[in-house]
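In: no letters, just coordinates:
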């Protein structure tokens, strides 16, 4: 598609003005000056023909599969494959509408010699879903800038970005026991941390025999360790309308980030042999009181079902169920001794009240709050102060409240949220992140 | 980060619809400024031609032509800076903007108007360069649109009214001082001691009343540290009581002295206490009068200023700044800048000072009219709103070209001016298109430089070819015949371009 620019039409007026002034003043210099605008006008007309442009375009998306909130680097290379230089090449890469550019620019303007290559580099923030890249919009102008031709060249290389909640979660078999898998009790048994010694009984594992004592006394004794026990954890994702907000255009919403964190957590808990349950509040589901509810179980199937529920939570757009009723129902559904982990941006008081209710019922609770509040406005700073206050109120109930700031890697935030108490040997549960 | 003072560019100027790319605008600015410097410092131009009214206006003030360039650039720069600052919202920016905008703009418009009247060719020449320089400066600061010019003109009007108001206040205060001086002088120099005593009592009454009112309006308590406010309150209470006593005392004294004076009772007083005849005239001498009245007037003036500031700054939005800045700038201009400017401007050719005063009075009005004309032209789409800066800059250079030709500048320089006009429009509109299409983030310097180099090369070829043609024209034919031939050549080129345009356009479209 070609079109003509009209920006040189004023030169005719300038030439006419010079000529008229020259005639009136009988000034030869002005009459000669009238030729100058006409020269530019003629130049723009002569060079306005559309040239044959041959471009090869390659796009690289790295990584092509990524979780929400992580930066994705896009590189677009354009090479002039023709035998004539392109004097004015302007390129705008078609960034998917749902994504925002956080660094660099998807646009460029260059003059390309034959065989020369120009590269556009920019970064995006991934959001859940499959995002297709359209071909970039390329505009080629003639030497005088009068003729404009718009092209949509074919792109080789990557043409889409896939963003999944479990994109960077490794297979369960590869997982070590990182978080709650280290939970210990004061009961003697299998484990890692020394608990006590006792008289040897038939059938005890030979590796637990205290051979040093046997060498000294000639009696067989068995070492007991602090017994490791599987936990029952219920992951609660806040998918209410108030939480479906993001820190800026094209950035993942708080629900997406919560679901991403919950996906990581469920993967690790299942790998550690814990029973994991899931509850999604704020979205109409098939469970009691409209909850999306999975009773605590272990196994890979449970993980798949949980991730399906998280995907559902991120895809919810409407609906305003009675969340008070959902939270009340949740208390009835959670088995005794289970640990509750809430993923919420804490943009209102309801999650705090929920945590207070859980703690009053004796449930250990963990709160992981993705930060989606911008603090570059007075309103945003006020909202951030309120959020910090809510985090402190959660902490005051005895729950472990963790602020997942933007830029903080999720594994680190999860480690803070779930693993700190567990890594203290011989510690009884104190309410947050401890042993149930 | 600004080196000093308020920044001239603002974040909104960096948007996709802001000014052209910096590289393009730099090239355009360098071309215009370079041509202006060359044209105004060439000895073949002005050294021989300042022989009329113009030299009497300019040459004494700018003995060297370089100073003319500097002065012209300074005035246009101040005008541009003022225009940019007047689009802000903070008080300091608006105040500095007024200090820059109004005097520079009024001086530029008034000077160009005078030049147009006295020597139209030079008026067109300098007027064209003024338009081009101001337009380019405003394009840099992204203040060429009507939405940016309109508030600046409103504020300029307010500042002008404020200047008139402050001028009246200064005149009234000056008159009052003269009256007081005359009264005090006559009372002090006279031989009647009773009249001197009466004058002193009136002066004390007025002075103390002024102190009382000034202290009432001054925010002394508010400016005192909290822990010392109790002591300050007690002290102010004492002062209030003392001034009340003094006011009542002087009022009673005046009421007693005047009848006693008319009844002749003071003769008895002088008989009883002869030194009083010598002491009373001392009270009406300038030193005690100025001391008492000065303290009162200064306190009252400060109090009035504090009261006015409180009243003006009561609105919490930007309205307060937009009201207060013109008032403050008007006072500063009346008290400081106008006498300073008047002392600097030489009186040309024995012209009476009333002409300069008329310039100072009419200059701001002419500036305002010119500005509103620009706004109206944008509303009527006579000047493109988005490309207003480049269009005005190119238009200014077209005028400068005509002016240069009329003043007798050598033909190559006239042709160079015409080329600069075209290149300014070309690179500026090109840079604006790049900004609109690609934004300010991507690196496009190479693209812009390539475009500018091609345009300049074309211009250089045109200047060389046409200069050679001019040499042939002037050497082979007479002036009149050559002019007619050149006119016919231009007409012929215009006629030839019409079918060529249609052919190329037809080829170019899909």
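Out: Sure, I can see it. Model, not experiment: these values are computed from the prediction. Numbers count the residues shown, from 1 in each chain, chains lettered A, B, ... in the order given.

In: what's the local residue count around residue A:242?
Out: 15 (other Cβ atoms under 10 Å in any protein chain shown). Any C-beta I mention is one placed from the backbone N, CA and C, and that applies to glycine too.

In: residues in contact with it?
Out: A:347, A:348 (Cβ atoms under 8 Å, 6 or more residues apart in numbering or on different chains).

In: how much space between it and residue A:56?
Out: 48 Å (Cβ to Cβ, to the nearest Å).

In: now swap in residue B:318 and tell me
Out: The spacing between residue B:318 and residue A:56, counted by Cβ to Cβ, is 54 Å.

In: ditto for residue A:233
Out: 52 Å.

In: also residue B:463?
Out: Residue B:463 is 41 Å from residue A:56, by Cβ to Cβ.

In: more neighbours: those two, which one.
Out: Neighbours were counted for residue B:463 and for residue A:56 using other Cβ under 10 Å; residue B:463 has more, 23 against 14.

In: the more buried one against residue B:417, yeah?
Out: No. Here residue B:463 does not reach residue B:417: they are 9.9 Å apart, not a contact under Cβ atoms under 8 Å.

In: what's the pLDDT at the residue nearest to residue A:243 when sequence neighbours are not counted?
Out: Closest residue to residue A:243 apart from its sequence neighbours, by Cβ to Cβ, 6 or more residues apart in numbering or on different chains: residue A:254 at 4.7 Å. Note for residue A:254: predicted pLDDT of 90.

In: and residue A:356, by the same measure?
Out: Per-residue confidence (pLDDT) for residue A:356: 91.

In: that one: neighbour count?
Out: Neighbours of residue A:356 (other Cβ under 10 Å): 18.

In: same check on residue A:385?
Out: Using other Cβ under 10 Å: residue A:385 sits among 12 other residues.

In: so who does residue A:132 touch?
Out: Residue A:132 neighbours (Cβ under 8 Å, 6+ apart): A:96, A:159, A:160.

In: in TSV: the residues you listed, plus pLDDT and secondary structure.
Out: Putting the contacts of residue A:132 into TSV (pLDDT from 0 to 100; DSSP: H, G, I helix; E, B strand; the rest coil) gives the following:
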residue	pLDDT	secondary structure
A:96	87	coil
A:159	86	coil
A:160	86	strand
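
In: and those residues, which of them are buried?
Out: residue A:96 (16 or more other Cβ atoms under 10 Å in any protein chain shown).

In: need the contacts of residue A:132 in CSV with distance to chain B, can you?
Out: As requested, the contacts of residue A:132 are exported to CSV (distance: Cβ to the nearest Cβ, whole Å):
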residue, distance to chain B
A:96, 18
A:159, 22
A:160, 24
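
In: so what's the residue of the stretch 151-300 of chain A at minimum distance from chain B up against?
Out: Residue nearest to chain B within the stretch 151-300 of chain A: residue A:151 (12.0 Å; Cβ to the nearest Cβ). Applying Cβ under 8 Å, 6+ apart, one finds that residue A:151 lies in contact with A:53, A:55, A:137, A:138, A:139, A:140.

In: what sits against residue 116?
Out: If you meant another chain, say so; for now it's chain A. Going by Cβ under 8 Å, 6+ apart, residue A:116 touches A:79, A:80.

In: hmm, I had chain B in mind actually
Out: So residue B:116 contacts B:123, B:124, B:127 (Cβ under 8 Å, 6+ apart).

In: hang on, the earlier thing: quick one: contacts for the residue nearest to residue A:243?
Out: A:238, A:243, A:244, A:245, A:246, A:344, A:345, A:347, A:370, A:372.

In: buried ones among these?
Out: Neighbour counting by 16+ other Cβ under 10 Å classes A:238, A:243, A:244, A:246, A:344, A:345, A:347, A:370, A:372 among the contacts of residue A:254 as buried.

In: so which one among those has the lowest pLDDT?
Out: Pick the lowest pLDDT in those and you get residue A:246, at 85.

In: if I pick it, what's in contact with it?
Out: Counting by Cβ under 8 Å, 6+ apart, residue A:246 touches A:252, A:253, A:254, A:372.

In: again with residue A:131
Out: When contacts are counted by Cβ under 8 Å, 6+ apart, residue A:131 touches A:96, A:98, A:99, A:160, A:161, A:162, A:163.

In: quick check: closest non-adjacent residue to the fifth one.
Out: When the adjacent residues along the chain are set aside, residue A:161 lies closest to residue A:131, with 4.6 Å between them (Cβ to Cβ, 6+ apart).

In: cool, and the second one?
Out: What sits nearest to residue A:98 in space, not counting adjacent residues and going by Cβ to Cβ, 6+ apart, is residue A:127, at 5.6 Å.

In: test my guess that the one you found contacts residue A:97.
Out: No. With contact defined as Cβ under 8 Å, residue A:127 does not reach residue A:97; the gap is 10.7 Å.

In: between the two, which one's more packed in?
Out: More neighbours surround residue A:127 than the other of residue A:127 and residue A:97, with 22 against 10 (other Cβ under 10 Å).

In: the more buried one is in what secondary structure piece?
Out: Assessed by DSSP states H and E, residue A:127 sits outside every helix and strand.

In: and if you look at residue A:75?
Out: Short version, using DSSP H and E: residue A:75 is in strand A:71-80.

In: list the buried ones in that strand?
Out: A:72, A:74, A:75, A:76, A:77, A:78, A:79, A:80.

In: and if you look at stretch A:260-268?
Out: So for stretch A:260-268, counting by 16+ other Cβ under 10 Å, buried means A:260, A:261, A:262, A:263, A:264, A:265, A:266, A:267, A:268.

In: want to throw the residues you listed into CSV with secondary structure, distance to chain B and pLDDT?
Out: Below are these laid out as CSV (DSSP: H, G, I helix; E, B strand; the rest coil; distance: Cβ to the nearest Cβ, whole Å; pLDDT from 0 to 100):
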residue, secondary structure, distance to chain B, pLDDT
A:260, helix, 29, 89
A:261, helix, 32, 89
A:262, helix, 36, 90
A:263, helix, 34, 89
A:264, helix, 34, 85
A:265, helix, 38, 86
A:266, helix, 40, 87
A:267, helix, 38, 85
A:268, helix, 40, 82
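
In: reformat the residues you listed as CSV; add distance to residue B:71.
Out: Below are the buried residues of stretch A:260-268 laid out as CSV (distance: Cβ to Cβ, whole Å):
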residue, distance to residue B:71
A:260, 65
A:261, 67
A:262, 71
A:263, 71
A:264, 70
A:265, 73
A:266, 76
A:267, 75
A:268, 75
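
In: just the closest of those to residue B:256, please.
Out: Proximity of these to residue B:256 (Cβ to Cβ) peaks at residue A:261, which lies at 92.4 Å.

In: so what's the closest one up against?
Out: Residue A:261 neighbours (Cβ under 8 Å, 6+ apart): A:343, A:368, A:370, A:404, A:410, A:413, A:414.

In: so which of the residues you listed sit within strands?
Out: A:343, A:368, A:370, A:404 (DSSP state E).

In: so how many other residues sit close to the second one?
Out: Put plainly, it is residue A:368. Counted with other Cβ under 10 Å, residue A:368 comes out at 25.

In: that one contacts residue A:402, correct?
Out: Yes. Here residue A:368 reaches residue A:402: they are 5.1 Å apart, a contact under Cβ under 8 Å.

In: between the two, which contacts overlap?
Out: A:413, A:417.

In: okay, now the domains of the chain?
Out: The chain I'm using is chain A. A:2-46, A:55-163, A:184-228, A:231-419 (automatic domain parsing).

In: was after chain B, sorry
Out: As assigned by automatic domain parsing, chain B contains the domains B:37-168+B:318-416, B:190-312.

In: get me the contact residues on the stretch 101-250 of chain A for chain B.
Out: A:104-105, A:107-111, A:120, A:139, A:143, A:145-147 (Cβ under 8 Å from any Cβ of the partner chain).

In: which of the residues you listed sit farthest apart?
Out: The farthest-apart pair in those, when distances are taken by Cβ to Cβ, is A:104 and A:146, at 30.9 Å.

In: chain neighbours aside, what residue packs nearest to residue A:259?
Out: residue A:310 (3.9 Å).
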